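**Student:** Here is my input, please return the structure:
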Amino acid sequence: MQFILRRLFSRSPRRGDYSDSFCNPSTSNPLSALLNPVKTKQICRVAAQFTLFLAVLGIATPRPIESALRGNLLAIYDLSIYRPPETSLASPVEGRLVAHAGGAVRGLTYTNSRDALDESYANGYRIFELDFDWTSDGRLVLVHDWNHTSMLFRTAPHVFSYREFVEGKPSDGLHQLTFEDLNDWLHRHPDALVVTDTKASNFRLLDYLSTYGRNILPQLIVQIYRLSELRTARQLGSRAVWLTIYKASYPAWALSRISGIDAFVIPVAAYPRYNQAGLIKNTRFYVHSVAANEIEETFKHCPGIYGIYVD
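**Tutor:** The predicted model follows:
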């Protein structure tokens, strides 16, 4: 992938091709030439034509190559229009362990339940990653995804109404959370922090939090997925802003050019690709997600990371 990109962008740059904020023509990094709107349009057009060509031939692009290509293209485009936010970084969040989806409870994971929060809190966790989504009538609740929730409620896959969600009985017997429930829980646990995650529109979630979640913003760590969300997230005034790369698949060279982020979050399997000189050493990285009995081993095999999302 790096070889292909180097060949595609080996043309000598024209004067004015570069944005002074992010790259300099004298840099030794050949990927610097990508960070301008002209190049962005060129590579996106070439990539689209190449993908169409493969589709016509019935050739499936291997997933790692597809992911790497997509991540580089998104990074090229996003960095070409990126401007660092003017607001300063928050004071560092000190917790190293994050209870993923609230943490495990009764041997179950991904529950986003009050029971999971209570048990993880009792076990010493103070940072909890939770999944947010919308009911069919526009209410915010905590679910990983509606297919999983439908299975728990023993019904056909569908997006629940708010009434259906709060009045239903999940098969695991756990207490599912609404946004109002989470507000109450955070008020009773003032030292707890919640990391937001959503499979829906993050802009919609950020807008909702700016209106209805202002009282808990000091306890929220807002996750973003694209650089286009950074300015909005910073203006929100939450405890911190973390960039998770599981949607955009930004490569390491792109992360090294981003400022205004309190921490990066990467899949644990992707650690070798980001373990580059200075990147992990100079920026806080969290990896996701591992079982509780793999915490020590993960810190050992991923030197330099700051923290771990724990199932």
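**Student:** spatially speaking, which residue is in the middle of this protein?
**Tutor:** Closest to where the C-alpha atoms of the chain average out (Cα atoms, centre = their mean) is Thr244, at 2.5 Å.
**Student:** What sits closest to Arg114 if chain neighbours are left out?
**Tutor:** Of all residues not flanking Arg114 in the chain, His175 sits nearest, at 4.2 Å (Cβ to Cβ, 6 or more residues apart in numbering). Using the backbone N, CA and C atoms, a C-beta is placed for each residue, glycine as well.
**Student:** and the one you found, what is it in contact with?
**Tutor:** 113-115, 181 (Cβ atoms under 8 Å, 6 or more residues apart in numbering).
**Student:** Identify the farthest-apart pair in these.
**Tutor:** Asp115 and Asp181 (11.8 Å; Cβ to Cβ).
**Student:** Just the buried positions in stretch 204-224, please.
**Tutor:** Buried residues in stretch 204-224, counted by 16 or more other Cβ atoms under 10 Å: 205-206, 208-209, 213, 216, 219-224.
**Student:** ditto for stretch 114-133
**Tutor:** Applying 16+ other Cβ under 10 Å to stretch 114-133 flags 114-121, 125-133 as buried.
**Student:** isn't His189 right next to Ser120, touching?
**Tutor:** No: if you go by Cβ atoms under 8 Å, His189 and Ser120 don't touch, sitting 10.7 Å apart.
**Student:** thinking again about what came up before, partner residues bridging the residue nearest to the centre of the chain?
**Tutor:** Val265 (DSSP bridges).
**Student:** Number the residues from 19 up from this point.
**Tutor:** Sure thing, new numbering starts at 19, so read that last one as Thr262.
**Student:** now it: how far from Pro285?
**Tutor:** 9 Å (Cβ to Cβ, to the nearest Å).
**Student:** what residues do these two have in common as contacts?
**Tutor:** If you check Thr262 and Pro285 against Cβ under 8 Å, 6+ apart, the residues they both contact are His306.
**Student:** buried sites along stretch 174-194?
**Tutor:** For stretch 174-194, by 16+ other Cβ under 10 Å, it's 177-178, 180, 183-184, 186, 188, 192, 194.
**Student:** could I get those as TSV with distance to Ala266, secondary structure and pLDDT?
**Tutor:** TSV is the format used below for the buried residues of stretch 174-194 (distance: Cβ to Cβ, whole Å; DSSP: H, G, I helix; E, B strand; the rest coil; pLDDT from 0 to 100):
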residue	distance to Ala266	secondary structure	pLDDT
Val177	25	coil	97
Phe178	29	coil	97
Tyr180	31	helix	97
Phe183	30	helix	96
Val184	34	helix	95
Gly186	34	coil	90
Pro188	32	coil	90
Leu192	32	coil	94
Gln194	29	strand	95
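**Student:** nearest to Pro321, of those residues?
**Tutor:** For the buried residues of stretch 174-194, the nearest to Pro321 is Leu192 (36.4 Å; Cβ to Cβ).
**Student:** if I look at the closest one, how far off is Glu198?
**Tutor:** Look at Leu192 and Glu198: by Cβ to Cβ, they are 17 Å apart.
**Student:** got it, and Leu211?
**Tutor:** Leu211 is 19 Å from Glu198, by Cβ to Cβ.
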